[in-house]
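> the following block contains a protein sequence and its predicted model.
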Amino acid sequence: MKEVDSEEVKQILTRLKTARGHISGVERMIEEEKSCEENQ
C-alpha cells in the first residue's frame, strides 16, 4: 500500500468534509421539500 504524506491526507479530508456538507444540504432541502434543481 502506498504511503500518503500528511499534506495529502489533509487535502483528502477537506474534500470529504466538503462533500459531506453538500450532501447534508441536499438532504435538508429534500426534507424541507425545497427545490433541489441543479443550476447549470
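Thanks, I have the structure now.

> where does this structure dip in pLDDT?
36, 38-40 (pLDDT under 70).

> residue nearest the centroid of it?
Taking CA atoms, centre = their mean, the centroid of the chain lies closest to residue 19, which sits 0.6 Å from it.

> is it in a helix, a strand, or coil?
What DSSP: H, G, I helix; E, B strand; the rest coil gives for residue 19 is helix.

> ok, now how distant is it from residue 12?
Note on residue 19: its distance to residue 12, by CB to CB, to the nearest Å, is 11 Å. All C-beta atoms are positioned from the backbone trio N, CA, C, and that covers glycine.

> how would you label residue 34: helix, strand or coil?
Per three-state DSSP, residue 34 ends up coil.

> what about the residue nearest to the centre of the chain, distance to residue 30?
Residue 19 sits 17 Å away from residue 30, going by CB to CB.

> swap in residue 10?
Taking CB to CB, one finds residue 10 at 31 Å from residue 30.

> so which strand or helix has residue 24?
helix 6-31 (DSSP states H and E).

> tell me what that helix is packed against?
Packing partners of helix 6-31 (3 or more CB pairs under 8 Å, 6 or more residues apart in numbering; DSSP states H and E): none among the helices and strands.

> so for it, what gets flagged as buried?
Residues of helix 6-31 include none that count as buried (16 or more other CB atoms under 10 Å).

> list the residues that contact the residue nearest to the centre of the chain.
Residue 19 makes no contacts at all, as judged by CB atoms under 8 Å, 6 or more residues apart in numbering.

> please apply the same query to residue 31.
Residues in contact with residue 31 (CB under 8 Å, 6+ apart): none are found.

> report the separation between it and residue 6.
Remark: distance between residue 31 and residue 6 (CB to CB) = 37 Å.
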